[in-house]
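Novice: Compute the structure for the input listed below.
(one chain, ligands or ions: 1)
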Amino acid sequence: MQSRYFTIHDHPQGMPKRDLFKLEERELPELQDGEVRIRNSWLSVDPYMRGRMDGVTTYIDPFELGKPLEGAAVGEVIESRNSRFKEGDKVRHMGGWRDVAQLPGDQVEALPEFDVPEQAYLGVLGMPGTTAWVGLNIIAEMKDGDNVLVSAASGAVGSLAVQLAKAKGGTVVGIAGDQKKLDWLESQGIKAVSYKGKGAKQLSEDLKAACPEGFDVYFENVGGDCLEAALNNLRVGARIAVCGMISRYNDQTPSAGPGNLAMILIRRARMQGFIVFDHWEHHGDFLKEFASRVASGEIDYQETVEEGLEQTPDAFLKLFEGGNQGKMLVKL
Ligand SMILES: NC(=O)c1ccc[n+]([C@@H]2O[C@H](COP(=O)([O-])OP(=O)(O)OC[C@H]3O[C@@H](n4cnc5c(N)ncnc54)[C@H](OP(=O)(O)O)[C@@H]3O)[C@@H](O)[C@H]2O)c1
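Specialist: Numbers count the residues shown, from 1 in each chain. Here you go, the predicted structure:
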């Protein structure tokens with residue numbers, strides 16, 4: 001059985017170029033005791049993968065040059081030498097960026113049986129959905145009626161964060177990059193503010209116009225001007241959940257932090273970073289609260305789908321150009 005997979009053979013400088021990614025093919029070794037072979041049907045591409053390309057250990061190991069890239073995927077077991085799995089089982093695992101994965105069974109989990117499409121377990125009911133839930137409930141300790149600001153608000157994490165926040169009342173404002181995304185936010189009852197072509201000062205004024213009383217919670221996905229503008233619009237006692245800073249992931253030299261960091265002091269605010277996998281014990285609670293709302297259509301989760309394994313690098317690169325609305329996925 002052949003497996004086709006993507007590798008990188010160098011560490012990118014700045015925004016990766018398409019030719020960084022090589023599509024390779026190899027014959028898979030015979031299946032060992034305890035292993036399963038999976039035909040992937042959906043691949044996830046995520047912003048954190050950019051950091052894994054730098055050859056540096058952060059909260060996760062870097063990708064190894066010349067080895068298959070990794071990422072979340074769902075697929076169907078096509079061969080099993082593990083008693084927990086049989087042919088035809090639908091599973092989720094980290095052997096993405098390839099069409100056929102072969103893994104030890106303890107690195108594979110059966111998909112839960114909610115009435116949702118299987119790719120939902122890569123987005124709304126997977127890591128991004130759990131991230132939105134953890135960031136708001138555990139890190140920002142959002143309370144009923146809080147005013148909430150979310151950046152990258154129509155992306156995989158952000159589009160769920162705004163809906164979760166909206167359900168608890170208060171004014172919810174989302175920052176996004178283009179008109180289609182702003183329209184979608186407004187269709188959800190979210191006040192939408194564009195950041196494109198504005199500096200922090202103008203963005204700050206636009207946020208003030210959208211929510212003059214200021215924000216109790218800022219769900220940070222972007223960094224840079226968004227963070228500076230958000231700091232100017234905090235209420236006393238605000239909580240900032242630092243989920244990501246995508247505007248910085250391709251920086252080649254460290255950029256200056258916001259000049260108004262003293263707003264944390266002035267507004268007696270708390271700013272806390274988090275990695276969702278440190279809080280994975282909440283995934284079960286999240287599924288219990290969220291899965292039926294997703295299955296009933298109450299949650300309007302968005303997907304952007306690229307078709308074919310060959311499109312995986314393009315799908316990944318589009319994350320940094322705003323080329324996705326909701327979860328970016330590759331369908332095989
Ligand atoms: N801490 C954790 O455990 C955790 C888990 C998952 C994700 N994250 C982080 O959460 C953030 C969102 O991730 P996601 O998977 O949901 O991705 P996403 O929001 O679906 O996709 C990325 C979006 O970021 C926006 N963006 C890209 N470059 C930007 C820039 N320079 N300035 C402003 N906006 C920019 C784009 O939307 P626009 O069109 O609006 O620009 C793009 O669609 C990322 O920072 C990611 O690293 C963290």
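Novice: Is any residue of stretch 64-78 near the ligand?
Specialist: No. If you take Cβ under 6 Å from any ligand atom as the test, stretch 64-78 misses the ligand, and the best it gets is 10.6 Å. C-beta coordinates here come from the backbone N, C-alpha and C atoms, glycine included.
Novice: For stretch 281-300, give me every contacting residue.
Specialist: By Cβ atoms under 8 Å, 6 or more residues apart in numbering, the list of residues contacting stretch 281-300 from outside reads 112, 114-116, 120, 124-125, 129-130, 133-134, 137-138, 159-160, 163, 188, 301.
Novice: near the ligand, which of those residues show up?
Specialist: Among those, the ligand is touched by none when using Cβ under 6 Å from any ligand atom.
Novice: can you list the residues of the stretch 51-200 of the chain near the ligand?
Specialist: Applying Cβ under 6 Å from any ligand atom, we find that the stretch 51-200 of the chain lies next to the ligand at 128, 131, 152, 154-158, 176-178, 181, 195.
Novice: among those residues, which are in helices?
Specialist: 128, 131, 156, 157, 158, 181 (DSSP state H).
Novice: quick one: which of the residues you listed has the most company?
Specialist: Within those, most neighbours by other Cβ atoms under 10 Å means residue 156, with 32 neighbours.
Novice: so does the lowest-mean-pLDDT helix or strand in the chain get close to the ligand?
Specialist: Every helix and strand of the chain was ranked by mean pLDDT, DSSP states H and E. The lowest is helix 283-295, at a mean of 92. No. Using Cβ under 6 Å from any ligand atom, helix 283-295 never reaches the ligand; the gap is at least 12.1 Å.
Novice: Switch the ones in helices among the residues of the stretch 51-200 of the chain next to the ligand over to JSON lines; also include pLDDT and distance to residue 14.
Specialist: Compiled in JSON lines, those are given as follows (pLDDT from 0 to 100; distance: Cβ to Cβ, whole Å):
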{"residue": "128", "pLDDT": "98", "distance to residue 14": "25"}
{"residue": "131", "pLDDT": "98", "distance to residue 14": "26"}
{"residue": "156", "pLDDT": "98", "distance to residue 14": "23"}
{"residue": "157", "pLDDT": "98", "distance to residue 14": "24"}
{"residue": "158", "pLDDT": "98", "distance to residue 14": "24"}
{"residue": "181", "pLDDT": "98", "distance to residue 14": "25"}
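Novice: what's the closest of these to residue 167?
Specialist: residue 158 (15.1 Å; Cβ to Cβ).
Novice: Which parts of the chain are helices?
Specialist: Under DSSP H, the chain gives helices at 48-52, 127-134, 156-167, 179-187, 200-210, 225-231, 263-266, 283-295, 312-318.
Novice: What are the buried residues along the shortest one?
Specialist: Residues of helix 263-266 classed as buried by neighbour count (16 or more other Cβ atoms under 10 Å): 263, 264.
Novice: quick one: average pLDDT of it?
Specialist: Mean per-residue pLDDT for helix 263-266: 98.
Novice: what comes into contact with it?
Specialist: Contacts for helix 263-266 (Cβ under 8 Å, 6+ apart): 231, 232, 234, 269, 270, 271.
Novice: Now with 10 Å, please.
Specialist: Applying Cβ atoms under 10 Å, 6 or more residues apart in numbering, the external contacts of helix 263-266 come out as 228, 230-234, 236, 238, 240, 258, 260, 269-271.
Novice: Name the nearest residue to the spatially most central residue of the chain, ignoring sequence neighbours.
Specialist: Centroid-nearest residue in the chain, with Cα atoms, centre = their mean: residue 128, separated by 4.5 Å. Spatial nearest neighbour of residue 128, chain neighbours left out: residue 156 (3.8 Å); criterion: Cβ to Cβ, 6 or more residues apart in numbering.
Novice: Am I right that that neighbour is in contact with residue 246?
Specialist: No. With contact defined as Cβ atoms under 10 Å, residue 156 does not reach residue 246; the gap is 11.4 Å.
Novice: For the closest residue to residue 255 other than its chain neighbours, give me its contacts.
Specialist: Among residues not flanking residue 255 along the chain, residue 248 sits closest, at 6.6 Å (Cβ to Cβ, 6+ apart). Shown in contact with residue 248 (Cβ under 10 Å, 6+ apart): 222, 223, 224, 227, 254, 255.
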